[in-house]
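A.B. asks: Take this sequence and fold it.
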Amino acid sequence: MADELHHHEHYGEAGERATEETHIHMPELTFWPMVFAFGVALLAAAMVTHWVVGVVGVVLMIRSGIGWWHSVIPHEEIDMMPIDPKLRPAPIMVEQRTVVRLQAGEGGHRVHMPETVHPYSSGLWGGLAGGVVMAILACLYGLVAEHSIWYPINLLAGVIIPGINHESIQQLRQFNALAFGCAFVGHGILSILVGIVYAVALPMFPRRATLWAGIVVPLFWSGLTATTLAYLNPRLNQLINWPWFIVCQIAYGLVAGYVISRSENIHLMQNYDLAQRAFMNAPGVRPENEDDRR
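C.D. replies: Numbers count the residues shown, from 1 in each chain. Model prediction:
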């Protein structure tokens with residue numbers, strides 16, 4: 001009880017110390033640490049100048065060390081700083097407030113964009129569908145412009161097989177089993193991977209997702225491909241009809257984006273309450289479902 005009375009006697013609102021002291025005890029100012037540092041600097045400078053400079057530095061270090069020591073031991077030198085009553089802080093008034101806490105089951109309190117995503121399988125099927133349409137258009141171009149469906153296939157294989165891009169136009173129009181196999185596998189894998197990227201990225205653009213998938217991304221990808229081939233493979237870059245290449249890319253983006261957007265959306269666990277995240281059957285906390293009723 002005596003400790004409690006002593007506490008209330010010396011402390012006000014919010015722990016403010018209610019002292020009647022007119023001065024504050026502060027360590028007395030001393031210049032010895034600066035002199036000691038200057039002596040250390042002279043000692044280091046002696047390594048590139050003269051030994052006399054080092055001797056002066058050692059003398060200063062010893063003298064400043066002794067002076068610094070006596071300012072603390074055996075009795076610490078104290079400087080009394082007066083307290084201005086006008087500068088005392090005003091007491092902090094404590095208000096009794098409560099924190100509003102979120103209840104389990106309140107939906108949306110942890111929502112981050114996107115709230116729903118497309119399954120990876122939609123990216124796989126969308127990529128395959130876009131790849132088929134893209135391959136049909138590419139073969140159509142080869143048939144119309146070069147009178148051979150193997151011309152665009154061999155050009156695509158030239159990305160994997162270095163020697164194909166040095167062949168003549170007549171050779172590129174001929175069937176090549178190795179080039180066909182490389183182009184088929186490479187085009188399929190790339191189409192699936194890009195489709196999965198679409199499935200992950202499209203939910204981040206809830207508005208005008210078709211524009212991003214069908215036009216913006218294909219244009220960006222076409223520009224990046226053209227710029228890269230101009231430095232890595234100039235011969236292949238000259239053989240590609242870039243306007244038709246862009247048309248094929250846009251067709252891929254539109255078809256893949258359409259297939260993916262038509263897939264069922266999956267709600268992320270960020271919308272679940274605590275009980276649902278922990279897979280708990282908590283009556284009164286988690287809503288009952290059909291399995292619970294059974």
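
A.B. asks: from memory residue 199 sits against residue 130, does it?
C.D. replies: No: between residue 199 and residue 130 there is no contact under C-beta atoms under 8 Å: 11.8 Å. All C-beta spots, glycine's among them, are computed from the backbone N, C-alpha and C.

A.B. asks: who's more crowded, the two?
C.D. replies: A side-by-side neighbour count of residue 199 and residue 130, using other C-beta atoms under 10 Å, places residue 130 first with 30 against 26.

A.B. asks: Would you confirm that the more buried one contacts residue 256?
C.D. replies: Yes: using C-beta under 8 Å, residue 130 is in contact with residue 256, at 3.4 Å.

A.B. asks: Could you name every residue contacting both of those two?
C.D. replies: 191, 194, 195 (C-beta atoms under 8 Å, 6 or more residues apart in numbering).

A.B. asks: so where does the first one fall, helix or strand?
C.D. replies: If I follow you right, that is residue 191. helix 177-201 (DSSP states H and E).

A.B. asks: any idea which helix or strand comes after that helix?
C.D. replies: helix 209-211.

A.B. asks: could you point out which element follows that following helix?
C.D. replies: Following helix 209-211 in sequence, per DSSP H and E, is helix 217-232.

A.B. asks: tell me which residues in that following helix are buried?
C.D. replies: 217, 218, 221, 222, 225, 229 (16 or more other C-beta atoms under 10 Å).

A.B. asks: Please save the CA atoms from stretch 234-244 in PDB.
C.D. replies: Taking Å, rounded to 0.1, in the frame of the first residue of the first chain, the C-alpha atoms of stretch 234-244 are listed here in PDB:
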ATOM      1  CA  PRO A 234      19.600 -11.500 -88.700                       C
ATOM      2  CA  ARG A 235      19.000 -14.000 -91.600                       C
ATOM      3  CA  LEU A 236      16.000 -15.600 -89.900                       C
ATOM      4  CA  ASN A 237      14.700 -12.100 -89.000                       C
ATOM      5  CA  GLN A 238      14.700 -11.200 -92.700                       C
ATOM      6  CA  LEU A 239      12.900 -14.300 -93.800                       C
ATOM      7  CA  ILE A 240       9.900 -13.800 -91.400                       C
ATOM      8  CA  ASN A 241       6.900 -11.800 -92.600                       C
ATOM      9  CA  TRP A 242       6.400  -9.700 -89.500                       C
ATOM     10  CA  PRO A 243       2.900  -8.300 -90.300                       C
ATOM     11  CA  TRP A 244       1.600 -11.900 -90.700                       C
END
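
A.B. asks: Flag every buried residue along it.
C.D. replies: For stretch 234-244, by 16+ other C-beta under 10 Å, it's 236, 237, 239, 240, 241, 244.

A.B. asks: so which of the buried residues of helix 217-232 comes closest to residue 171?
C.D. replies: Distance to residue 171, by C-beta to C-beta, is smallest for residue 229 among those, at 19.6 Å.
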